[in-house]
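Chemist: My questions are about this predicted structure, shown below with the sequence.
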Protein chains: 2
Amino acid sequence: MGDNAIPDADEISILGPSDKKAHRFPRPTVAVDIALLTIDTDRQQLLVVEMARDDTGKWALPGRFLRERETLAVAVERCLADKLSVHGIRPHQLAVFDDPDRDDRDWVISVAHVAVVRPEQLESLGSGSAETRLVPVDRPGELVWDHPAIVRLAKEYVRSRYEAEPDPDRLLGPRFTLSELQRVHEAVAGHSDLSRFAFRRLMKDQLVATGDLNEPTGSRGRPAELFRRKRDRS
Amino acid sequence: MGDNAIPDADEISILGPSDKKAHRFPRPTVAVDIALLTIDTDRQQLLVVEMARDDTGKWALPGRFLRERETLAVAVERCLADKLSVHGIRPHQLAVFDDPDRDDRDWVISVAHVAVVRPEQLESLGSGSAETRLVPVDRPGELVWDHPAIVRLAKEYVRSRYEAEPDPDRLLGPRFTLSELQRVHEAVAGHSDLSRFAFRRLMKDQLVATGDLNEPTGSRGRPAELFRRKRDRS
DNA sequence: GTAATAGTGTCTATTAGACACTATTCG
DNA sequence: CGAATAGTGTCTAATAGACACTATTAC
């Protein structure tokens, strides 16, 4: 296998000098699929946005085909803006799903993404044209194709991020109290296993105290101090 | 995944009834690029395989275009088998590089992969047609395009895996001594920061003692016990 | 014997868990 | 005042680091 003097199709590489070679092969359609997550702070759980497919009665994650010379991040942003009127997201790649038979209509490979948004960013969901639902990631509904695996990857990714860092996906604003932060982390995790003392110790060296106190919240108790994330201006 | 007859591009459109949407858009060429890593146990470092580009004097990671209805893992395996005569790899996806201008000849998106192999698996390197070199990942040579970023992702991925688990990429066989294991881990990390005591405590609950002793090694000292990974037969 | 490598127990320093105690606000 | 929430110090348990000591081999 080592001494091939004749460059045949197997030899073709992106390292080659001419672009003609790239066109010898049929190309897959490339898609993006997005696990759009948010939290329910009251019920302390992570939710994923699912869309009804018009043709069948089934549900799927939002997704779209990649357009010409578009980056994946832009395709994700446009998909969520067009289909769900959701803006200002921070998409992150999870994996490429490449089973050639995953879509029986055509050869499609899909780059799975995750994005985490604040609940307010989903207010426009009902008003859109598409039927949508919000489903707890730990009690998933039926989803087409490999979309359940995407949801699984998405929740693992987000949960592992929230174990190490204070609210890395900005579900809270720049300033927040420790109990607000803890509620967000417990919603992401889906459960609470740290006492307020342990949570404070875990987070305090990644936070900066502002010295300011929280404005009156309506409830009783001593007002809490506001913190901000380290390496974050104001 | 045998060698299916390759229908040409036009034939694809009769595969399904609702494939029209997918064909509205031009599609990118999809490639795989591979950071093929191994260790130098003598110099205690991680190495990456680079290939000379025939046309210019530059170096690049091995890569190839995805062929029709081929999975990415198969493309990676075939690429390394054909170009470098390397077999038996376990490819893992790292990220998709999708800058539309990353290749000025065409619209190409590339799925970066990492694979870790034992040094013996690279014995055939010199005999191949392509010129290759082995470069320490921490003192990288010049590489084209975004390939330096791929090497960076690859080494971070492998190092984080080796922090948690005993030789997850099977650089050693099924049975090994603790000092063999530690040498492998130090080569992956590029440095040694654990005493043999600490290393033993870290690994021992993920290993199973076999009761057998290492065969004479030629060096002095008490013969070491052989261990195997937990959840691994014999 | 000495030098070299392997395995175990132990002492100590650091970290993690639990919680008592004080502080501040609302009603 | 009591109930509720916030912040701090302290006691203790578990874990991590250092290393003394014993074991086994080659020379």
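Modeler: Nice, thanks for sending it over. Keep in mind it's a predicted model, so treat the numbers as computed, not measured. Numbering: from 1, shown residues only, chains lettered A, B, ... in the order given.

Chemist: buried residues in stretch A:225-234?
Modeler: Along stretch A:225-234, the positions that meet the burial threshold by neighbour count (16 or more other Cβ atoms under 10 Å in any protein chain shown) are A:226, A:227, A:228, A:229. Every residue, glycine included, has its C-beta placed from N, CA and C.

Chemist: now the residues you listed in TSV, with distance to residue A:190?
Modeler: Supplementary listing: the buried residues of stretch A:225-234 in TSV, determined by distance: Cβ to Cβ, whole Å:
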residue	distance to residue A:190
A:226	26
A:227	24
A:228	26
A:229	23
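
Chemist: Which members of the residues you listed are positioned in strands?
Modeler: In strands, judged by DSSP state E, the following of the buried residues of stretch A:225-234 are found: A:226, A:227, A:228, A:229.

Chemist: if we look at chain B, which of the buried residues of stretch A:225-234 are close to it?
Modeler: Intersecting the buried residues of stretch A:225-234 with the surroundings of chain B, defined as Cβ under 8 Å from any Cβ of the partner chain, gives nothing.

Chemist: now those in a markdown table, with distance to DNA strand C and pLDDT?
Modeler: Written out in a markdown table, the entries for the buried residues of stretch A:225-234 read as follows (distance: Cβ to the nearest atom of the strand, whole Å; pLDDT from 0 to 100):
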| residue | distance to DNA strand C | pLDDT |
| --- | --- | --- |
| A:226 | 13 | 95 |
| A:227 | 17 | 96 |
| A:228 | 21 | 95 |
| A:229 | 19 | 94 |
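
Chemist: If we only consider those, which is nearest to residue A:181?
Modeler: Minimum separation from residue A:181 among those (Cβ to Cβ) is found for residue A:227, which lies at 7.5 Å.

Chemist: Identify the residue spatially nearest to that closest one, adjacent ones excluded.
Modeler: Spatial nearest neighbour of residue A:227, chain neighbours left out: residue A:207 (4.2 Å); criterion: Cβ to Cβ, 6 or more residues apart in numbering or on different chains.

Chemist: Show the pLDDT at the one you found.
Modeler: The predicted local distance difference test score for residue A:207 is 95.

Chemist: Tell me how many other residues crowd it.
Modeler: Neighbourhood size, residue A:207 [other Cβ atoms under 10 Å in any protein chain shown]: 20.

Chemist: check contacts around residue A:135.
Modeler: A:47, A:48, A:50, A:141 (Cβ atoms under 8 Å, 6 or more residues apart in numbering or on different chains).

Chemist: Now a PyMOL select for only the buried ones of the residues you listed.
Modeler: Filtering these down to the buried ones (16+ other Cβ under 10 Å) takes a single PyMOL command:
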select buried, chain A and resi 47+48+50
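
Chemist: which helices and strands does the longest strand seen in chain A pack with?
Modeler: Longest strand in chain A, counting residues (DSSP E): strand A:29-40. If you count contacts as 3 or more Cβ pairs under 8 Å, 6 or more residues apart in numbering or on different chains; DSSP states H and E, strand A:29-40 packs onto strand A:45-52, strand A:63-65, helix A:72-84, strand A:108-116, strand A:132-136, helix A:147-164, helix A:178-189.

Chemist: so of those, which one's packed in deepest?
Modeler: Ranked by mean neighbour count, those are led by strand A:108-116 with a mean of 25 (mean count of other Cβ atoms under 10 Å in any protein chain shown).

Chemist: ok so, going back, among the contacts of residue A:135, which one lies nearest to chain B?
Modeler: Top of the list for closeness to chain B, among the contacts of residue A:135 and by Cβ to the nearest Cβ, is residue A:50 at 20.0 Å.

Chemist: Apart from its neighbours in sequence, what residue is nearest the closest one?
Modeler: Closest residue in space to residue A:50, ignoring its immediate chain neighbours: residue A:59 at 4.5 Å, by Cβ to Cβ, 6+ apart.

Chemist: Out of the ones in strands among the buried residues of stretch A:225-234, the closest to residue B:214 would be?
Modeler: In terms of Cβ to Cβ, no member of those lies closer to residue B:214 than residue A:229, at 50.3 Å.

Chemist: For the spatially closest residue to that closest one that is not a sequence neighbour, give its distance to residue A:201.
Modeler: If you skip the residues right next to it in sequence, residue A:229 has residue A:166 as its closest partner in space, 5.6 Å away by Cβ to Cβ, 6+ apart. Applying Cβ to Cβ, to the nearest Å, the value for residue A:166 to residue A:201 is 13 Å.

Chemist: Compare these two (neighbour count), which wins?
Modeler: When neighbours are counted by other Cβ under 10 Å, residue A:166 and residue A:201 differ, and residue A:166 comes out ahead with 23 against 11.

Chemist: show me the residues around that one that make contact.
Modeler: The contact partners of residue A:166, by Cβ under 8 Å, 6+ apart, come to A:181, A:185, A:203, A:206, A:207, A:229.

Chemist: As TSV, the residues you listed with distance to residue A:134 would be great.
Modeler: Listed next are the contacts of residue A:166 as TSV, based on distance: Cβ to Cβ, whole Å:
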residue	distance to residue A:134
A:181	23
A:185	20
A:203	28
A:206	30
A:207	30
A:229	27
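
Chemist: quick one: which of these is nearest DNA strand C?
Modeler: For DNA strand C, the nearest member of these is residue A:203. The distance, counting by Cβ to the nearest atom of the strand, is 11.6 Å.

Chemist: just to revisit the earlier point, which pair of the contacts of residue A:135 spans the longest distance?
Modeler: Among these, the pair separated by the greatest distance (Cβ to Cβ) is A:47 and A:141, at 11.5 Å.

Chemist: So, low pLDDT: which residues of chain A?
Modeler: Chain A contains residues with pLDDT under 70 at A:1-24, A:128-129, A:233-234.

Chemist: quick revisit: which residues touch the residue nearest to residue A:50?
Modeler: For residue A:59, the residues meeting the contact criterion (Cβ under 8 Å, 6+ apart) are A:50, A:51, A:52, A:53, A:133, A:141, A:142, A:143, A:144.

Chemist: how about those, which pair is most distant?
Modeler: Pairwise across the contacts of residue A:59, and taking Cβ to Cβ, the largest span is found between A:133 and A:144, at 14.0 Å.

Chemist: residue in chain A nearest to chain B?
Modeler: Of all residues in chain A, the one sitting closest to chain B is residue A:105 (3.2 Å; Cβ to the nearest Cβ).

Chemist: List the contacts of stretch A:170-188.
Modeler: With Cβ under 8 Å, 6+ apart as the test, stretch A:170-188 has contacts from A:39-41, A:44-46, A:90, A:116, A:118, A:158-159, A:162, A:166-167, A:192, A:194, A:196, A:199-200, A:203, A:207, A:210, A:212, A:214, A:224-229, A:232, A:234.

Chemist: Can you name the residues of chain A sitting close to DNA strand C?
Modeler: Taking Cβ under 7 Å from any atom of the strand as the criterion, the neighbours of DNA strand C within chain A are A:194-195, A:197-198, A:201, A:213, A:216, A:218-223.

Chemist: For the closest residue to residue A:223 other than its chain neighbours, grab phi and psi.
Modeler: For residue A:223, the nearest residue in space outside its immediate sequence neighbours is residue A:213; the separation is 4.4 Å by Cβ to Cβ, 6+ apart. Main-chain torsions, residue A:213, degrees, to the nearest 10: phi -110, psi 160.
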